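# sharing a model that was predicted from the sequence below.
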Amino acid sequence: MTRDDDGGNVIMMTARWRMPVSARSRQRMTKLKAAVVMTAALTASVAACGTTTSTSTSTAGGKLPFAGQTVSVFTNGPSGANSAATSSYYTYLGNLFHAQTGASVNWVYYTSSSQESSTVEASVATSTGPDIFAVGSGFNGTIYGTKAFHVLSASNWSAVGGRSSFSPSMLTMAGPSATQDIGVPYESQPFILAYNKAEFAKAGIKAPPTTWAQFVADAQAVMKANPGTYGDSLDPADAYGPWKEVWSYALQSGGNLVSPNGKTSTLDSAPVRDAVQFYLSELYQYHIVPPQCLTWTGTEQEAAFAKGQVAMITDATYSLLAEVAGTPVASQIAFAPMPDVPIGSATRPKGAPAAQSIVSGNYWTIGNWDKNIPLALAFIKVGTSAQVQAEQFKLLGENPVTNVALTALAKSNPTMESFITAQANSTPLPFTAAWSYIEAGVLAVVSHSAQQLATSGSLSASYVTSQLAAADSAVQPQLSAG
């Protein structure tokens, strides 16, 4: 896992498992069919992990249910500018867990995607390792594909507060079906549209766009009324962002990145081709983004917004508030759902979803090797309690995932209304072990197409088609293998 879009005292966690499985790793570990990066050997600190128990002890409040026991939890380590906030969250959760159960948490941190992936590889291969893993929503399919993680029973769900107590949208990525869940959500990161109210007002725009045609028109109006300001920006060099917009456009047009049964790649299809072209047409056709943004990442995109150089950011997160803190933009930022009607259309095709945000967030999953499932469930119960959910939002800026905590947040923080709505209306990704190949394929197509545009000044449909065909050919064997 990485933490991008960091800023101030809020952190947004992104999805995991970004890279395909190498041929060498597939030979080493045939039982792992999932698309997980298989890289370096497991570090010594992780190899020693696992649940340990000791004799229960009594406390002043009486005998606690798991006194003296330890659960190991594998997650991203505190790092960078947000290290202190992340450490505070882990400390708070660990202390509360100990106070309520008598047990302790052995936090097992990774500091790179390769270390994270090698830990999963080693744990699945040896049936040993941390008891609980933090997993991103888009890659629960990857974890499920290993058949090495605990499938939650009805009684397991009852132990953590009941399945119905969680946000329904987040449950769509907890497993392939309601009876095959492997993950319990603990934080959500919905994506929405951010815009500058002052720049909209100067252009006479009274409301955010709801269609992509209106989005383009608003961007052009902003540029006319605010010389030197662009309507939008792109981040085609980013390792996490661009595929989400291609996904949205494709689904809103009635397409998808994979067939409904998850067996056939549809990257080489008209809706996906049109989606890639529309994404980049903001530069070469509509001219509403800075030319230099062809090499931007999300960080540079946000910096431009904070300086008032661009009026909108698509697929923004709550962390943007921290990025603009202390700037003139801070008092002018507003949020709204992403547009949901394809360019050139008055309505979406029948049956096409709004696809304004992916179901985005993180889940606790339990390894099949864990010898103390009740202890693991006790940790998850504390980690998803209203008390921890509130502290998590305060420190990390992540949306709660339980209905009670979401209701409380909506009452206490009206700014979160758009994010809570986006979370409720988010669209799940295909639940497939090959998802990382699909995502990597789209990212490669966007990156190569942006490079072609930057070099030649134009982008042909034939070039995009050839790139998508290559990505399709790379993805299909992984879907067939699953």
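Received it, and whenever you're ready, just let me know what you need.
# low-confidence ranges in the stretch 301-450 of the chain?
Along the stretch 301-450 of the chain, no part satisfies pLDDT under 70.
# thought Pro349 was touching Ser253?
Yes - under the criterion of C-beta atoms under 8 Å, Pro349 makes contact with Ser253 at 6.7 Å. No exception for glycine: its C-beta is placed from N, CA and C like everyone else's.
# need the overlap of contacts for the two.
Contact criterion C-beta atoms under 8 Å, 6 or more residues apart in numbering; residues shared by Pro349 and Ser253: Pro342.
# next, the contact list for Ala461, please.
Residues in contact with Ala461, defined by C-beta under 8 Å, 6+ apart, are Arg273, Gln277.
# distance check, Ala433 against Thr365.
Relative to Thr365, Ala433 is positioned 14 Å away (C-beta to C-beta, to the nearest Å).
# likewise Ser253?
33 Å.
# and if you look at Ala154?
As defined by C-beta to C-beta, Ala154 lies at a distance of 18 Å from Thr365.
# equivalent analysis for Ala178, please.
16 Å.
# same question for Trp157.
14 Å.
# those two: which is more packed in?
More crowded of Trp157 and Thr365, by other C-beta atoms under 10 Å: Thr365, with 25 against 20.
# the more buried one against Thr146, yeah?
No - Thr365 is beyond contact range of Thr146, at 10.2 Å (criterion: C-beta under 8 Å).
# name the element Ala125 belongs to?
helix 113-126 (DSSP states H and E).
# relative to helix 113-126, how tilted is the helix or strand following that helix?
Per DSSP H and E, the first helix or strand lying C-terminal to helix 113-126 is strand 132-136. Using axes from the mean of the first three to the mean of the last three C-alpha atoms, to 10 degrees, the inter-axis angle of strand 132-136 relative to helix 113-126 is 130 degrees.
# from the contact counts, what lies against strand 132-136?
On a contact count with 3 or more C-beta pairs under 8 Å, 6 or more residues apart in numbering; DSSP states H and E, strand 132-136 meets strand 70-76, strand 361-366, helix 373-383.
# now these as CSV including distance to Pro260?
Listed next are the helices and strands packed on strand 132-136 as CSV, based on distance: least, C-beta to C-beta, whole Å:
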stretch, distance to Pro260
strand 70-76, 33
strand 361-366, 23
helix 373-383, 31
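# so which of the ones you listed is the most packed in?
strand 361-366 (a mean of 25; mean count of other C-beta atoms under 10 Å).
# strand partners of that strand, parallel vs antiparallel please.
strand 132-136 (antiparallel), strand 183-188 (antiparallel) (DSSP bridges).
# could you dump these to CSV with distance to Leu64, mean pLDDT and mean neighbour count?
As requested, the strands paired with strand 361-366 are arranged in CSV below (distance: least, C-beta to C-beta, whole Å; pLDDT from 0 to 100; neighbours: other C-beta atoms under 10 Å):
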stretch, distance to Leu64, mean pLDDT, mean neighbour count
strand 132-136, 19, 94, 25
strand 183-188, 22, 97, 26
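# tell me the helices in the stretch 51-200 of the chain, going along the chain?
83-101, 113-126, 140-145, 154-159, 168-171, 197-202 (DSSP state H, counting those that start in this stretch).
# gap between the fourth one and the chain center?
Taking C-alpha atoms, centre = their mean, to the nearest Å, the mean C-alpha location of helix 154-159 is offset from the chain mean by 26 Å.
# how about that helix: buried residues?
Neighbour counts over helix 154-159 (16 or more other C-beta atoms under 10 Å) mark Asn156, Trp157, Ala159 as buried.
# now tell me what touches stretch 333-350 from outside.
191-197, 208-216, 248-249, 252-254, 278, 314-316, 320-321, 324, 354-357, 415, 418-419, 421-422, 425.
# buried among those residues? Make that a ChimeraX selection.
In ChimeraX, a selection of the buried entries from these looks like this (16+ other C-beta under 10 Å):
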select :191,192,193,194,195,196,208,209,211,212,213,214,215,216,248,249,252,253,254,278,314,315,316,320,321,324,354,355,356,357,418,419,421,422,425
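# among the contacts of stretch 333-350, name the ones in helices.
The helices, defined by DSSP state H, take in 197, 212-216, 248-249, 252, 278, 320-321, 418-419, 421-422, 425 from the contacts of stretch 333-350.
# what segments of the stretch 251-400 of the chain are strands?
Here the stretch 251-400 of the chain has its strands, by DSSP state E, counting those that start in this stretch, at 312-316, 333-336, 361-366.
# which ones are touching Val401?
Here Val401 is in contact with Phe166, Ser167, Met170, Pro185, Tyr186, Glu187, Ser188, Gly361, Thr384, Gln389 (C-beta under 8 Å, 6+ apart).
# of those residues, closest to Tyr92?
Proximity of those to Tyr92 (C-beta to C-beta) peaks at Gln389, which lies at 11.6 Å.
# that closest one contacts Leu395, correct?
No - in this structure Gln389 lies outside contact range of Leu395 using C-beta under 8 Å: 11.2 Å.
# looking at the two, which is more packed in?
Neighbours were counted for Gln389 and for Leu395 using other C-beta under 10 Å; Gln389 has more, 23 against 20.
# how far is stretch 384-398 from where the chain is centred?
The answer for stretch 384-398 is 17 Å, by C-alpha atoms, centre = their mean.
# mind listing what's buried in it?
In stretch 384-398, counting by 16+ other C-beta under 10 Å, buried: Thr384, Ser385, Ala386, Val388, Gln389, Glu391, Gln392, Phe393, Leu395, Leu396, Gly397, Glu398.
# in helices only, show me those residues.
Counting by DSSP H, these contribute Ala386, Val388, Gln389, Glu391, Gln392, Phe393, Leu395, Leu396 to helices.
# save those as CSV, and put in distance to Ala408 too.
Putting those into CSV (distance: C-beta to C-beta, whole Å) gives the following:
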residue, distance to Ala408
Ala386, 7
Val388, 13
Gln389, 8
Glu391, 12
Gln392, 13
Phe393, 10
Leu395, 16
Leu396, 16
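# just those residues now: which is nearest Gly80?
Nearest to Gly80 among these, with distances taken as C-beta to C-beta, is Leu396, at 13.2 Å.
# distance of the closest one from Thr146?
28 Å.
# return the distance of stretch 146-161 from the chain's centre.
Worked out by C-alpha atoms, centre = their mean, stretch 146-161 lies 22 Å from the chain centre.
# cool, and stretch 211-230?
With C-alpha atoms, centre = their mean, you get 28 Å for stretch 211-230.
# give me the buried positions along it.
By 16+ other C-beta under 10 Å, the buried positions in stretch 211-230 come out as 211-219, 221-223, 225-226, 229-230.
# what is the rounded mean pLDDT of it?
Mean per-residue pLDDT for stretch 211-230: 97.
# what sits up against that stretch?
Outside stretch 211-230, the residues that touch it by C-beta under 8 Å, 6+ apart are 199-200, 202-205, 208-209, 231-232, 249, 278, 282, 286, 288-290, 304, 308-312, 339-346.
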